[in-house]
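>>> can't give you the sequence, but here's the structure:
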């Protein structure tokens, strides 16, 4: 199968990770975050619901893949690593109570003589369970474990040109999905019909660009549900006067460009306009401020100050590093745009900056995915930021923004 | 918001879990598996990518919900529990390196005087990370932790009538999505177009039944990719002679009914027919054998014996308990249909029995989701099991099965 990046690029990534391992005195690294596995090896499959990982050994040229037997064929097809480095456990280890896949992983460490050294593990992500850790620790009593949660994902923060191109393609898909949603939302249409249309657009992709499945479902919310950002749509039918928030991602080859907008079906109230204006102006001011050398915390301060002018006292996190990902999260879980985060912005970092105001009974959102450039930043999508108002005309036909 | 089950049903579930807690001598239980959270409280949101959970205290009538501040509104809207039992941590705890949400969870245990007792935690699932565990352990040094991975999910195995109705609805959606796929697969059509059509059908749902997002993406594979079950579709265009496997789920109100079939675009080869027949006959024989009192292992043995008659030596897991779920897995991760599993089948248990033969360069699948009945079992979907052959006719138009 065709690889998504050159062998040279995969090897550069591995080299960067090894430099970090050297800095932290780590001899071997167990990478179980599927996004980081893909980043280093090209491995791409929906197999992360069972234990799997890569083992990076400081003095070896290629990582090792280990996972379920059925998935080993998939590793041979999608990764650049030698078949001799593809290992597996059999199905009797799966969700069993008397044995555990990490026993097989531990055996591999022993076989490679890495059972008396310092080993990095990604302690705080969804694909390294408490039991995975305890089992590995019991099986490798002479290993000193080191929390390497962000070791690979920190390398992932700075995008290559090829990665940026995929994210720009993803942004085209985000525009297409957002426009599809705006067209689909109408009085008399059910929420799940709109969600279905959005999904169709996300997976098919816009003109000439393959889509892909998003790590987070389209967050299509209306009415009181806009007060909480992660509720999901239902089967309710739009009555024709809803205030709606929609956060979705365009995706291309697992790279995500999220985008959020607020939509009013019918005439917006003064309160809705005030809320949406505050969210949008917060976004605008924060984006204007972004440039290399500034910190994530400083960007957040600009936003906090701006929404305060509109009467909102907030100190929430309003963004995060974004790119390659798998469910359940499209954020990289490294830098956050929030007060106090001292990450210094550098060219080719990419963030989702989501200006959201979630109040007791309502909420508004406006977001962009941007890349830090030499002098500032560039929003990847091109979609008007204003509140999208869908008005019923005399012929009972709605017009898009 | 309308609850999906009666208050009585939620309370019965809680009572069953408390009985198990009593049996194991557990004073408090921390439930972080989102499916189990939903099962006990009704909580439904795509917020599980951040730490959250329910705390069940043996002597209290309602569980406590704890999660991110933004999501607390969602908990108030979707759960039956009192607002006083909704707790949260603020955004500065999110993916931070200097503090951790489990510190706030631990504080809650202390506040409720549950910091010197036996506490159950779900050690081996995606939503309780190694760091979650280590942090909780450090903060609660006098707690004796107990691995309660399957405590709630074992209760979930036996479905109520309302749950079964949702799964039957989900099966209607599975039929609809499968038929949509069969109609969509054609020479000249790209894989991601077909995947988009499937997703649309899954989310919209069949006639009169709302769909919902599946916990696993549609696994649409063709050619050599059929050799590994969890690869995902690409942008490749069907050439008109592909052997295709498709595993998907119909979903309704988070309940899943998965379904898999094999499809041939064009005339199947003798080898493809042999493979598909073995998979289908394995499924048929195993389903015929199912009845209360038999074990999962005995069902697996019937399958192993049957596919052996067709020349395939296999001892893979071929099924699992299924129902309510969230990404990344629609299985309940309790009982497995595989050799040696001693789970005794009982009425109202539901399984996905997936007869898959994954060979070096190809594969075939046929599956059903079934409920154990008084005398045997009932497949929830009604879709022909035979290999679906799509033949090009003289007018270059394809017909469905």
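Everything's here; your move. Predicted model only: the values in this text are computed from it and were never measured. Residues are numbered from 1 along each chain as shown, chains lettered A, B, ... in the order given.

>>> Quick one: residues contacting the spatially most central residue of chain A.
Nearest residue to the geometric centre of chain A (C-alpha atoms, centre = their mean): residue A:330, 1.4 Å. By C-beta atoms under 8 Å, 6 or more residues apart in numbering or on different chains, the contact set of residue A:330 is A:214, A:215, A:216, A:249, A:256, A:258, A:322, A:352. Heads up, the C-betas are built off the backbone N, CA and C, glycines and all.

>>> For it, give its distance to residue A:45.
Counting by C-beta to C-beta, to the nearest Å, the gap between residue A:330 and residue A:45 amounts to 18 Å.

>>> quick one on the thing from earlier: buried ones among the contacts of residue A:330?
When the contacts of residue A:330 are checked for burial by 16 or more other C-beta atoms under 10 Å in any protein chain shown, the buried set is A:214, A:215, A:216, A:249, A:256, A:258, A:322, A:352.

>>> For the first one, which non-adjacent residue is spatially closest?
It stands for residue A:214. Leaving aside its chain neighbours, residue A:214 sits nearest to residue A:249 (4.6 Å; criterion: C-beta to C-beta, 6 or more residues apart in numbering or on different chains).

>>> check which helix or strand covers the one you found.
Residue A:249 is part of strand A:243-252, with elements assigned from DSSP states H and E.

>>> now residue A:378
Using DSSP H and E, residue A:378 sits within strand A:377-379.

>>> all helices of chain A, in order?
Along chain A, the segments classed as helices by DSSP state H run A:7-24, A:34-41, A:69-78, A:101-111, A:130-139, A:151-156, A:161-184, A:191-204, A:270-289, A:296-309.

>>> how about JSON lines for the ones you listed, with mean pLDDT and distance to residue B:137 added?
As requested, the helices of chain A are arranged in JSON lines below (pLDDT from 0 to 100; distance: least, C-beta to C-beta, whole Å):
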{"stretch": "helix A:7-24", "mean pLDDT": "98", "distance to residue B:137": "24"}
{"stretch": "helix A:34-41", "mean pLDDT": "98", "distance to residue B:137": "26"}
{"stretch": "helix A:69-78", "mean pLDDT": "95", "distance to residue B:137": "32"}
{"stretch": "helix A:101-111", "mean pLDDT": "98", "distance to residue B:137": "18"}
{"stretch": "helix A:130-139", "mean pLDDT": "98", "distance to residue B:137": "9"}
{"stretch": "helix A:151-156", "mean pLDDT": "98", "distance to residue B:137": "23"}
{"stretch": "helix A:161-184", "mean pLDDT": "98", "distance to residue B:137": "38"}
{"stretch": "helix A:191-204", "mean pLDDT": "98", "distance to residue B:137": "40"}
{"stretch": "helix A:270-289", "mean pLDDT": "97", "distance to residue B:137": "39"}
{"stretch": "helix A:296-309", "mean pLDDT": "98", "distance to residue B:137": "31"}
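
>>> Of all these, which one is nearest residue B:13?
With distances scored as C-beta to C-beta, the stretch of these nearest to residue B:13 is helix A:130-139 (24.2 Å).

>>> And the closest one, what's buried?
Along helix A:130-139, these residues count as buried under the neighbour rule (16+ other C-beta under 10 Å): A:130, A:131, A:132, A:133, A:134, A:135, A:136, A:139.

>>> Using CSV, please lay out the residues you listed together with distance to chain B.
Putting the buried residues of helix A:130-139 into CSV (distance: C-beta to the nearest C-beta, whole Å) gives the following:
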residue, distance to chain B
A:130, 3
A:131, 4
A:132, 7
A:133, 3
A:134, 7
A:135, 9
A:136, 9
A:139, 14
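
>>> ok, the residues you listed vs residue A:102, which is closest?
Of all the buried residues of helix A:130-139, residue A:102 sits closest to residue A:135, with 3.8 Å by C-beta to C-beta.

>>> got the domain boundaries for chain A?
Per the record's domain assignment (automatic domain parsing), chain A is made up of the domains A:7-156, A:161-390.

>>> First-to-last residue distance for the longest one?
Terminal residues of domain A:161-390 lie 38 Å apart, using C-alpha to C-alpha, to the nearest Å.

>>> what's the answer for stretch A:302-317, then?
End to end - C-alpha to C-alpha - stretch A:302-317 spans 13 Å.

>>> if I look at the nearest residue in space to residue A:177 that is not next to it in sequence, how far off is residue A:167?
Nearest residue to residue A:177 in three dimensions, chain neighbours excluded: residue A:201, at 4.2 Å (C-beta to C-beta, 6+ apart). The spacing between residue A:201 and residue A:167, counted by C-beta to C-beta, is 18 Å.

>>> Tell me which of those two has more neighbours.
Here residue A:201 and residue A:167 are compared on neighbour count by other C-beta atoms under 10 Å in any protein chain shown; more neighbours surround residue A:201, at 28 against 25.

>>> That one touches residue A:214, doesn't it?
No. Taking C-beta atoms under 8 Å as the contact criterion, residue A:201 and residue A:214 are not neighbours in contact, 10.9 Å apart.

>>> Just the ones of the contacts of residue A:330 in strands?
Where the contacts of residue A:330 overlap with strands, as defined by DSSP state E, the overlap consists of A:249, A:256, A:258, A:322, A:352.

>>> who's in contact with residue A:133?
A:121, A:123, A:145, B:130, B:133, B:134.

>>> ok, now how distant is the first one from residue B:31?
Residue A:121 sits at a distance of 25 Å from residue B:31 (criterion: C-beta to C-beta).

>>> same thing with the fifth one?
In this structure, residue B:133 lies at 14 Å from residue B:31, with C-beta to C-beta as the measure.

>>> which bits of the stretch 301-401 of chain A sit near chain B?
For the stretch 301-401 of chain A, the residues in contact with chain B (C-beta under 8 Å from any C-beta of the partner chain) are A:315-317, A:320, A:326-329, A:331, A:333-334, A:336, A:338-340, A:356, A:358, A:360.

>>> Now which of these would you call buried?
Listed as buried from these are A:316-317, A:320, A:326-329, A:331, A:333-334, A:336, A:338-339, A:356, A:358; burial here means 16+ other C-beta under 10 Å.

>>> pLDDT value on residue A:1, please?
Per-residue confidence (pLDDT) for residue A:1: 76.

>>> right, and it touches residue A:76 too?
No. Counting by C-beta under 8 Å, residue A:1 stays clear of residue A:76, with 9.7 Å between them.

>>> Would you mind listing where the stretch 251-400 of chain A has pLDDT under the threshold?
For the stretch 251-400 of chain A, residues meeting the criterion pLDDT under 70 lie at A:392-400.

>>> contacting residues around stretch A:37-46?
If you take C-beta under 8 Å, 6+ apart as the criterion, stretch A:37-46 is touched by A:3-5, A:10, A:13-14, A:17, A:31, A:34, A:52-54, A:56, A:63, A:65, A:71, A:74-75, A:78-81, A:152, A:155-156, A:254, A:324, A:326, B:216-217, B:219, B:228, B:230-232, B:328.

>>> picking that back up, mind listing what's buried along the strand holding residue A:378?
Of the residues in strand A:377-379, those buried under the neighbour-count criterion (16+ other C-beta under 10 Å) are A:377, A:379.

>>> Note down every partner strand of that strand and its orientation.
Strand pairing for strand A:377-379, using DSSP bridges, gives strand A:363-372 (antiparallel).

>>> okay, the angle between the strand it pairs with and helix B:69-78?
What separates the directions of strand A:363-372 and helix B:69-78 is an angle of 140 degrees, with axes from the mean of the first three to the mean of the last three C-alpha atoms, to 10 degrees.

>>> Tell me the span between the first and last residue of stretch A:213-231.
From the first residue to the last, stretch A:213-231 extends over 19 Å; the measure is C-alpha to C-alpha.

>>> again with stretch A:321-332
End-to-end distance of stretch A:321-332 (C-alpha to C-alpha): 5 Å.

>>> Many thanks, have a good one.
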